[in-house]
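1. Structure, please.
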Amino acid sequence: MNSSWTPYKTQMLLQLLTDRDLAMLQDVEQLRLLSTRQIQRLHFGIGHATISAATRGTVRVLGRLENRGFLVRLERRIGGIKHGSSGNVWQLSATGERLLRALRGDGARRRFVEPGAPFTDHTLEVADLAVRLREAARDGRVDLLELDAEPECWREFTASHGGPLWLKPDLYVVTANAVIEEHAFVEVDRGTEHMPAILRKCAVYQRYFLTGNEQHRQGIFPAIVWVVPSEQRAAKLRASIRDDPTLTDTLFRVTNAQNAVAMLTPRDEQPVTKRRNHL
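-> Numbers count the residues shown, from 1 in each chain. Okay, here's the model as predicted:
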């Protein structure tokens, strides 16, 4: 870490932040990009008389964090000019990222660049699912025990030829009710990937399953949940997985985006403690 970044500087920067400010920065760090509306849903959903008041509060706080150098807004917006400030997309600035790392005692640094449109669109869709899960937990509809985004949810393992391989889900999610835990690796598909590319990703999951690493660590293998934009796309992916002789189709679940939260939350009521792919 640069010698100019001292504990004193860390404390000085912290004095500029409220607890909510810090939580907002941590959410942007975890999910990599968040829109103004997503931040509003996470941190301004309670305590405002109207949605308009919540929006104004969100925009005001984000503007302050931007002016003080903790956040950067992307040039690209969601929904165009007509959506105004609510269409902005945010990422951590170098200062915001270094502050959070200093608080953890982590000296590594990231290089910040303006992401391209495909990355931004996919990252925001993954973030939206994460926000929906957080909202479900806040509303008492489910207990959200774990929500890991990239790269924290990645798994490294050894391929059959002895070389290293990486499994890179978009999210790792554990939810629960009074009697059941649901464990899942989540892949968000925007309908832009060709089916062979998706099946290759499924094959990496199959390889990881066969190592037994996750089962040894967790006692189960999580469900692999594909979230797709339409039921037509879901039906096509289910059929492709089922017809691929190299895949164990019971490892995979496919749902459209509208039903994703329901797929990732417990439904059964039998008294078991964990569920998903006891194979």
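2. In a strand, residue 156, correct?
-> Yes. Assigned with DSSP: H, G, I helix; E, B strand; the rest coil, residue 156 falls within a strand.
3. separation between it and residue 30?
-> Look at residue 156 and residue 30: by Cβ to Cβ, to the nearest Å, they are 20 Å apart. No exception for glycine: its C-beta is placed from N, CA and C like everyone else's.
4. quick one, which of the two is more surrounded?
-> residue 30 (16 against 11; other Cβ atoms under 10 Å).
5. out of everything not next to it in sequence, what's closest to that one?
-> residue 149 (5.2 Å; Cβ to Cβ, 6 or more residues apart in numbering).
6. same thing with residue 77?
-> Per Cβ to Cβ, 6+ apart, closest to residue 77 is residue 87, 4.1 Å.
7. From what I see, the one you found and residue 75 are in contact.
-> No. Assessed by Cβ atoms under 8 Å, residue 87 is found out of contact with residue 75, at 11.8 Å.
8. out of those two, which sits in the more crowded spot?
-> Between residue 87 and residue 75, residue 87 has the larger neighbour count (other Cβ under 10 Å), namely 17 against 7.
9. Quick check, pLDDT for residue 7.
-> Model confidence at residue 7, given as pLDDT, is 87.
10. let me redo that: residue 50
-> 82.
11. Near it, how many other residues are there?
-> The number of residues near residue 50, taken as other Cβ under 10 Å, comes to 8.
12. same question, residue 147
-> Residue 147, neighbours per other Cβ under 10 Å, totals 20.
13. Quick check: which element contains it?
-> strand 143-149 (DSSP states H and E).
14. Which elements pack onto that strand?
-> Packing partners of strand 143-149 (3 or more Cβ pairs under 8 Å, 6 or more residues apart in numbering; DSSP states H and E): helix 117-138, strand 171-176.
15. do that again at 10 Å, thanks
-> Using 3 or more Cβ pairs under 10 Å, 6 or more residues apart in numbering; DSSP states H and E as the contact criterion, the elements in contact with strand 143-149 are helix 19-31, helix 117-138, strand 171-176, strand 181-188.
16. Of all the residues in it, which ones are buried?
-> 144, 147, 148, 149 (16 or more other Cβ atoms under 10 Å).
17. Residue 162 belongs to a strand, doesn't it?
-> No. Using three-state DSSP, the assignment for residue 162 is coil, not a strand.
18. So what's the residue count around it?
-> By other Cβ under 10 Å, neighbour count at residue 162 equals 6.
19. heads up, I number from 15, so please use that
-> Sure thing, new numbering starts at 15, so read that last one as residue 176.
20. confidence score at it?
-> 80.
21. Can you pull the phi and psi angles for it?
-> phi 100, psi -10 (degrees, to the nearest 10).
22. Okay, it and residue 217: tell me how far apart.
-> 18 Å.
23. how is this structure carved up into domains?
-> 21-129, 154-277 (automatic domain parsing).
24. For the helices and strands packed on strand 157-163, could you give me TSV that also reports mean pLDDT?
-> Converted to TSV, the helices and strands packed on strand 157-163 look like this (pLDDT from 0 to 100):
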stretch	mean pLDDT
helix 33-45	98
helix 131-152	97
strand 185-190	98
strand 195-202	97
